[in-house]
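1. I would like to see how this sequence folds:
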Amino acid sequence: MKIFPSITFLCLIFLLQSTGFPAACSETGVFAVISAAATCDNCPALWVNHESAHQDIALYSFRGPRYDFSGVIQNQDTSQVITGVNTAGFALVYTTTVVSDSVAGQAHRHLLKKALGSCANLADFEELLVTHQARVNIGCFDANGDCALYEISPHKIIKYDINDSSDAPNGWLVRENFSFTCETPVSGSAWRYHRVNRLLEQAERTHTLDYKYLLQNIARDLCAENLDPYPLPYTGSFRDAPAGYIKTTDTINRHNTTLCVVIHGTANIVKSTPAALWIIPGEPVCGIAVPVWAQSGTIPKELSGKSISNMNKEVRENAGKLYHKTNLPDYIDMKTLAGSNEAMLSLFLQQENEIFRQTTEFIKNWHNNPSNFRELENWQKKMVYQAIKTLR
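-> You can find the predicted model right below:
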């Protein structure tokens, strides 16, 4: 762990057992930074589930001062990004650590956009950080395989090196809407933090930790602190809800999750492979993950848009089919979601697994001509087309 020497304020260190997240964040989220050493494919990865009142999500291809990049935007605002990856292989995710007003949230997202357009590695990024004073957690990796998590407050920046076992004993770190080095005490449950760590530990034991596991087993997880619905389909009764309905306010996959992204980095032995940004533009269980690459220089039209992207619209319409009890707006219908092999989640995972399989083969063949970025562009379109057909 590194404390930036230019900042002098002494923050309080909170114990894991007493740490939680603010109860009234205007935007919430949870992310993980995972080193190549911890994954079964020897590639670093970033994962984030993001919740916000702003549901209009799209991808945008930016031209930066030094590097072009693919970034996720909300409400058609291209002045800031939620997460993204650039052509140098540098990638970022974030969560806020306090109740954030719109000005603070914009400051984080402006920083991410600036970093993606100008940074190739962690050293470049750290030069930007010393001027950023809002409270935020940021996870990142670069093409060299360096991974870090930064806890930032107005008077201190703490860096955790994910490749250093003294900072990250398991090869990963998780953050929800809290910081271990924060000036403001927080309250509430850190359930998602603990649940994500347990799922990562399970994957490490079974040697299955990769970008696919993050998308299918963590981002879509529906286990709550007081209810484990697995194995699906869940047919029991939860509180006063009808049988087969569960509340998704405290789960990893939430009723108000507006975005899921996994950025799959490059293995050291195959540096010609560009980092892939896998995105579900909406609640994870209601969508299908598709890949994009910053090197393509484009975004498929179904993922972009002047208002909301077509894919975002389809995911949100699917959510409407699952949350259809007007008196229980945050309870999901598990029968519709996973009641049979023809249910929504089953069909979506079948298609997603096919996209994984085809994309793995495509990238293997693409290595024969790695400068042909037009092939990346065409492949993105093909995978999005397949996903949209199933979502409808």
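
2. Can you list the buried residues in stretch 333-352?
-> For stretch 333-352, the neighbour count (16 or more other Cβ atoms under 10 Å) marks 333-339, 343-346, 348-349, 351-352 as buried. Just so you know, the C-beta spots here come from the backbone N, C-alpha and C atoms, and that holds for glycine as well.

3. closest to Lys382 among those residues?
-> Within those, the smallest distance to Lys382 is 12.8 Å, found for Gln351 (Cβ to Cβ).

4. Which element, helix or strand, includes that closest one?
-> helix 344-366 (DSSP states H and E).

5. if we can go back for a sec, what's the closest of the buried residues of stretch 333-352 to Lys301?
-> Lys301 lies nearest to Gln351 out of these, by Cβ to Cβ, at 19.5 Å.

6. That closest one: what's it in contact with?
-> If you count contacts by Cβ atoms under 8 Å, 6 or more residues apart in numbering, Gln351 has them with 288, 386-387, 390.

7. try it again with 10 Å
-> 288-289, 383, 386-387, 389-391 (Cβ atoms under 10 Å, 6 or more residues apart in numbering).

8. Would you quantify the distance from it to Ile152?
-> As defined by Cβ to Cβ, to the nearest Å, Gln351 lies at a distance of 39 Å from Ile152.

9. one step back: mean confidence for the helix holding Gln351?
-> Helix 344-366 shows an average pLDDT of 96 in the prediction.

10. Below-threshold pLDDT in the chain: ranges please.
-> Within the chain, the stretches with pLDDT under 70 are 3-26, 98-105, 182-189, 268-271, 306-307.

11. so where do the helices sit in it?
-> In the chain, the segments counted as helices under DSSP state H are 102-118, 122-129, 191-205, 211-213, 310-322, 334-338, 344-366, 373-391.

12. now these in a markdown table, with distance to Ile279?
-> Listed next are the helices of the chain as a markdown table, based on distance: least, Cβ to Cβ, whole Å:
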| stretch | distance to Ile279 |
| --- | --- |
| helix 102-118 | 15 |
| helix 122-129 | 22 |
| helix 191-205 | 19 |
| helix 211-213 | 12 |
| helix 310-322 | 8 |
| helix 334-338 | 20 |
| helix 344-366 | 12 |
| helix 373-391 | 10 |
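
13. Of these, which is nearest Thr249?
-> Relative to Thr249, the nearest member of those by Cβ to Cβ is helix 191-205, separated by 10.6 Å.

14. And the closest one, how far out from the chain middle?
-> 15 Å (Cα atoms, centre = their mean, to the nearest Å).

15. okay, that helix in PDB with CA atoms only?
-> In PDB, the C-alpha atoms belonging to helix 191-205 read as follows (Å, rounded to 0.1, in the frame of the first residue of the first chain):
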ATOM      1  CA  TRP A 191     -23.100  -7.500   2.200                       C
ATOM      2  CA  ARG A 192     -22.200  -7.200  -1.500                       C
ATOM      3  CA  TYR A 193     -18.500  -6.700  -0.600                       C
ATOM      4  CA  HIS A 194     -18.400  -9.900   1.400                       C
ATOM      5  CA  ARG A 195     -20.500 -11.900  -1.200                       C
ATOM      6  CA  VAL A 196     -18.300 -10.900  -4.100                       C
ATOM      7  CA  ASN A 197     -15.200 -11.900  -2.200                       C
ATOM      8  CA  ARG A 198     -16.700 -15.300  -1.400                       C
ATOM      9  CA  LEU A 199     -17.600 -15.900  -5.000                       C
ATOM     10  CA  LEU A 200     -14.100 -14.900  -6.100                       C
ATOM     11  CA  GLU A 201     -12.700 -17.400  -3.600                       C
ATOM     12  CA  GLN A 202     -14.900 -20.200  -4.900                       C
ATOM     13  CA  ALA A 203     -13.800 -19.500  -8.400                       C
ATOM     14  CA  GLU A 204     -10.100 -19.400  -7.400                       C
ATOM     15  CA  ARG A 205     -10.400 -22.800  -5.700                       C
END
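
16. so what does that helix touch, helix or strand wise?
-> strand 27-34, strand 45-52, strand 172-175, helix 211-213 (3 or more Cβ pairs under 10 Å, 6 or more residues apart in numbering; DSSP states H and E).
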